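**Q** Fold the following and give me the result.
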Amino acid sequence: MRRIPFSYALASLLVLALVIWLAFGNFQRFQTTPPDAPDQIEAGSRVEIVVQQSTPFIPQQIIQGQLTAERETTLRANVAGFVDEKPVAQGSRVEAGDTLLVIDNDALPEQLQQARDELAVAEAEYAGARNLRQRELISQPELLRLQSALSASAASVAQLQNQLDDSRPTAPFDGVLNRVQVELGDLLQPGEEWGQLVDDRRLKGAAWVSQQQVGDLSVGLPVTARLLNGDHLEGELTFISHRAEEATRSFYIEATLDNPAGKRLAGGSAELTITLPPRQVHTLSPALLSLNSEGQLAVKHLDDNDQVQQTAVELVSADTQRAYVTGLADPLRLITLGAGMVNVGETVSPVMTEEATISQPSPGQDSVHAPVD
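**A** Below is the predicted model of the structure:
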């Protein structure tokens, strides 16, 4: 009898096994005992959190400003005449009342003395007339005529005295005679500019701030001016405009700065740092900020029941590494990893992290943000 090849026998066995499997289906149905129950599914998604306390923070505003002298005035001639003397050299410091220039007075002292003598005569005549009038030896109109003459003499003296004073202009305040534009013999006309007086013992830092910045400012806040050479001047905010400039919608502000050394800084520029009142803030990574349904900046965190909450915050300040916000609970269970994978109201399984990933500013770091030590 001819022998069947092994490959044919193996193929026949496989076909027979397949037919039996198709005939009886899933043998699992005939098991007398139920299968083991699967392990219980974890209650919720896992997120990493850190418990954070709020910290005091001093926000600052840094703006570019212009330095001017606290007081400066343009000196102009009040009378016509030739320059007779220049008693104060250009660039000298003067005190209020010092004579700065002498203009040819055209014999004004003699005219003033004559007017004073005439005033003395008028006073004597009026005093005598009053005595005579009391005894009814002169009429009332005659007494009034002498009174009018006395007033005219007094007015003449005052006018000549003013002209004499105007021919010798004096410093209206302490300062530096910054500029003298005339020479001896020059003819000055009334209203003509001849010099400039500057008081730079204190300076004004003038700047413009935006509509968003002006709301945090108030008169009296400390201001530090950083000069181009690295020096600093200290002062305070003394003026905030109540109306924005129409072209730029920005507000004008002024800070008064001490300049005890009398440095020549008026007219230059400076960086003004305005220190705002301290606030309690939470410090977190800018990546943890999101927008809520109303388009506000918000932060996701957990409540005491491990449910996800989203709270709107106010951004006080920020840089590339840190964001300083207010409006959160204290202490705060902040979600640091997985916030984008969970929804508000969802119960999650929190995993505490030992260290926060937010870097802190190093000592002496130049930054617009100033945490309180």
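
**Q** Skipping adjacent residues, who's closest to residue 260 in space?
**A** With C-beta to C-beta, 6 or more residues apart in numbering as the criterion, residue 260 has its nearest non-adjacent residue at 7.2 Å, and that residue is residue 201. All C-beta atoms are positioned from the backbone trio N, CA, C, and that covers glycine.

**Q** I'd like the average pLDDT over the helix or strand that contains that neighbour.
**A** Using DSSP states H and E, residue 201 sits within strand 193-209. Mean pLDDT, strand 193-209: 93.

**Q** Give me the helices and strands touching that strand, please.
**A** Applying 3 or more C-beta pairs under 8 Å, 6 or more residues apart in numbering; DSSP states H and E, we find strand 193-209 packed against strand 55-76, strand 175-180, strand 222-226, strand 232-240, strand 251-258, strand 269-275.

**Q** Run me through the strand neighbours of the fourth one, direction for each.
**A** If I follow you right, that is strand 232-240. Sheet pairing here is set by DSSP bridges, and for strand 232-240 it gives strand 222-226 (antiparallel), strand 251-258 (antiparallel).

**Q** who wins for proximity to residue 78 among these?
**A** Minimum separation from residue 78 across those (C-beta to C-beta) falls at strand 251-258, 30.3 Å.

**Q** Next, the buried residues of that closest one.
**A** 251, 252, 253, 254, 255, 257 (16 or more other C-beta atoms under 10 Å).

**Q** Kindly reformat the helices and strands packed on strand 193-209 as a markdown table containing mean pLDDT and distance to residue 335.
**A** Compiled in a markdown table, these are given as follows (pLDDT from 0 to 100; distance: least, C-beta to C-beta, whole Å):
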| stretch | mean pLDDT | distance to residue 335 |
| --- | --- | --- |
| strand 55-76 | 92 | 19 |
| strand 175-180 | 91 | 62 |
| strand 222-226 | 94 | 37 |
| strand 232-240 | 94 | 39 |
| strand 251-258 | 95 | 39 |
| strand 269-275 | 94 | 33 |
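
**Q** and residue 294, which of these is closest to it?
**A** With C-beta to C-beta as the criterion, residue 294 lies closest to strand 55-76 of those, at 24.5 Å.

**Q** for the closest one, packing partners?
**A** strand 175-180, strand 193-209, strand 251-258, strand 269-275, strand 279-284, strand 314-318, strand 369-371.

**Q** of all these, which lies closest to residue 128?
**A** Across those, closest to residue 128 is strand 193-209 (C-beta to C-beta), at 47.5 Å.

**Q** Give me the sheet partners of that closest one and which way each runs.
**A** Strand 193-209 has the following sheet partners, assigned by DSSP bridges: strand 55-76 (antiparallel), strand 175-180 (antiparallel), strand 251-258 (antiparallel).

**Q** Just the CA trace of the second one, in CSV.
**A** Think strand 175-180. C-alpha atoms of strand 175-180 as CSV (Å, rounded to 0.1, in the frame of the first residue of the first chain):
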residue,chain,number,x,y,z
GLY,A,175,20.5,129.4,41.2
VAL,A,176,23.1,129.5,38.5
LEU,A,177,23.4,132.3,35.9
ASN,A,178,23.4,129.7,33.2
ARG,A,179,23.7,132.0,30.2
VAL,A,180,24.4,135.7,29.5
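
**Q** how about low-confidence regions in this structure?
**A** Low-confidence segments of the chain (pLDDT under 70): 1-4, 6, 21, 23-44, 354-373.

**Q** So which of the strands paired with strand 232-240 is nearest residue 184?
**A** Comparing those by their distance to residue 184 (C-beta to C-beta), the top pick is strand 251-258, with 37.9 Å.

**Q** Now tabulate the helices and strands packed on strand 55-76 in JSON lines and tack on distance to residue 232.
**A** JSON lines is the format used below for these (distance: least, C-beta to C-beta, whole Å):
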{"stretch": "strand 175-180", "distance to residue 232": "23"}
{"stretch": "strand 193-209", "distance to residue 232": "12"}
{"stretch": "strand 251-258", "distance to residue 232": "10"}
{"stretch": "strand 269-275", "distance to residue 232": "9"}
{"stretch": "strand 279-284", "distance to residue 232": "24"}
{"stretch": "strand 314-318", "distance to residue 232": "21"}
{"stretch": "strand 369-371", "distance to residue 232": "15"}
